[in-house]
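Colleague: Sequence below, structure please.
(chains A and B)
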Amino acid sequence: GESVGLHLPTLSVQEGDNSIINCAYSNSASDYFIWYKQESGKGPQFIIDIRSNMDKRQGQRVTVLLNKTVKHLSLQIAATQPGDSAVYFCAENLSGGYNKLIFGAGTRLAVHP
Amino acid sequence: DAGVIQSPRHEVTEMGQEVTLRCKPISGHNSLFWYRQTMMRGLELLIYFNNNVPIDDSGMPEDRFSAKMPNASFSTLKIQPSEPRDSAVYFCASIFRLNTEAFFGQGTRLTVV
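Modeller: Residues are numbered from 1 along each chain as shown, chains lettered A, B, ... in the order given. Below you'll find the predicted structure:
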């Protein structure tokens, strides 16, 4: 499997800088959100998640912020490394008692040495 | 666990032929998803199952597409007859329970000529 060369918005950063990737979600009733990373030739990989009762969650070098008022998610990557180069997707769970994960369009992150 | 396993990794077929994609979810996961990834549409949810029961197939593009989950450890996505516009990468993903991350397989790259 591969990320198929999507014509995506691209964020270019220098190695060592912080990166911020943004995402607007569609459904105000969504209660769970995930950020995924997809490298060439691979399926999406989980990075970090957040539930709707939180507005911030931190992991190792990554932070997710949730603004329910404007239906906006962001992923912050500290000290970006060349290995962070990939396509990043946000996904929302439309709830309703079942898992129904819907993905955003994605953002390509390019890290330059 | 070996993760979500999809087969084949690559499939090239002629227009009009039947294509069957296979997926083995992670043991113990109770939800399974089929996604299609294309340049134009990104990651589209085709269908998802909960406890082997199809819950929502509204993303299945046409009647040529069908999916089954005969037991908790196996699912198939069938296209009959296949068309060139079905060319894409097809991903399977599984989830342990509500509001937890989905684990993706490596995908099947389908080319219909």
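Colleague: Give me the sheet partners of the helix-or-strand element of chain A with minimal mean pLDDT and which way each runs.
Modeller: Across the helices and strands of chain A, mean pLDDT, DSSP states H and E gives its lowest value to strand A:101-103, namely a mean of 90. Applying DSSP bridges, strand A:101-103 is found paired with strand A:86-93 (antiparallel).
Colleague: what's next to the partner strand, contact-wise?
Modeller: The contact list for strand A:86-93 (C-beta atoms under 8 Å, 6 or more residues apart in numbering or on different chains) reads A:3, A:6, A:8, A:21, A:23, A:25-27, A:30-40, A:44, A:47, A:73, A:75, A:99-109, B:43, B:99, B:102. Any C-beta I mention is one placed from the backbone N, CA and C, and that applies to glycine too.
Colleague: residues contacting residue 18?
Modeller: Here I'm looking at chain A. A:76, A:77, A:78, A:79, A:80.
Colleague: The intended chain is chain B.
Modeller: Neighbours of residue B:18 in contact, by C-beta under 8 Å, 6+ apart: B:78, B:79, B:80, B:81, B:82.
Colleague: Hmm, residue B:21 and the third one touching each other?
Modeller: Okay, so that is residue B:80. No. Using C-beta atoms under 8 Å, residue B:80 is not in contact with residue B:21; the gap is 11.9 Å.
Colleague: Comparing these two, which residue is more hemmed in?
Modeller: residue B:21 (21 against 13; other C-beta atoms under 10 Å in any protein chain shown).
Colleague: middle-most residue in chain B, spatially?
Modeller: residue B:34 (3.3 Å; C-alpha atoms, centre = their mean).
Colleague: near chain A at all, the helix or strand hosting it?
Modeller: For residue B:34, the enclosing helix or strand under DSSP states H and E is strand B:31-38. Yes. Using C-beta under 8 Å from any C-beta of the partner chain, strand B:31-38 reaches chain A at B:31, B:33, B:35, B:37, B:38.
Colleague: Show residues contacting that strand.
Modeller: With C-beta under 8 Å, 6+ apart, strand B:31-38 has contacts from A:1, A:3-4, A:98-99, A:101, A:103, B:23, B:25, B:43-51, B:67, B:69, B:75, B:77, B:88-95, B:97, B:102, B:107.
Colleague: Now it - C-alpha only, PDB.
Modeller: Extracted in PDB, the C-alpha atoms of strand B:31-38 (Å, rounded to 0.1, in the frame of the first residue of the first chain):
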ATOM      1  CA  SER B  31     -14.800  -3.500  14.200                       C
ATOM      2  CA  LEU B  32     -13.500  -3.700  10.700                       C
ATOM      3  CA  PHE B  33     -13.300  -1.100   8.000                       C
ATOM      4  CA  TRP B  34     -12.600  -1.100   4.300                       C
ATOM      5  CA  TYR B  35     -11.200   2.200   2.800                       C
ATOM      6  CA  ARG B  36     -10.100   3.200  -0.700                       C
ATOM      7  CA  GLN B  37      -7.400   5.700  -1.300                       C
ATOM      8  CA  THR B  38      -7.100   7.600  -4.600                       C
END
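Colleague: Noted, bye for now.
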